[in-house]
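Enquirer: need coordinates for the below:
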Amino acid sequence: MPDAGANLSGRALNHRDVIILPGMIEQCVRCGAPAGIVMSFHYQGRTLWLDDLTEPVVPGRGYAMCEHHAGRMTPPVGWTLVDRRRTIRPLFASLEVA
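Expert: You can find the predicted model right below:
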């Protein structure tokens, strides 16, 4: 039985070791930081939406963004930005996103 203090490669964990499993956390498309917001749009309707990230982002259906980049989002001229994010962010993401 593997030691509880060992990681997947068999090395012991200490305060400097971190296991990062790729694909487990949505990342901002602009900077790679952990994302909490999804930006989607309707091209013909000239509308952008910002929503809380509550499920994995489906490629082509939206773009994951961090708080910083979502907060700086400005729509193109003639477009409307609809911010549907909750005013109070959850402390933890759902299991589907995390």
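Enquirer: what about the strands in this protein?
Expert: For the chain, the strands defined by DSSP state E occupy 37-42, 47-52, 63-65, 80-83.
Enquirer: tell me the most buried of those strands?
Expert: Most buried of these, by mean neighbour count (mean count of other C-beta atoms under 10 Å): strand 63-65, with a mean of 23. Any C-beta I mention is one placed from the backbone N, CA and C, and that applies to glycine too.
Enquirer: which residues touch that one?
Expert: Residues outside strand 63-65 that contact it (C-beta atoms under 8 Å, 6 or more residues apart in numbering): 26-30, 35, 37-40, 50, 53, 57, 73.
Enquirer: if we go to 7 Å?
Expert: With contact meaning C-beta atoms under 7 Å, 6 or more residues apart in numbering, strand 63-65 is reached by 26-30, 35, 37-39, 53, 57.
Enquirer: once you drop chain neighbours, what's closest to W79?
Expert: R46 (4.4 Å; C-beta to C-beta, 6 or more residues apart in numbering).
Enquirer: ok, the one you found touching G78?
Expert: Yes - between R46 and G78 there is a contact under C-beta atoms under 7 Å: 5.8 Å.
Enquirer: so between those two, which is more surrounded?
Expert: Neighbour count, other C-beta atoms under 10 Å: between R46 and G78, R46 has more, with 13 against 6.
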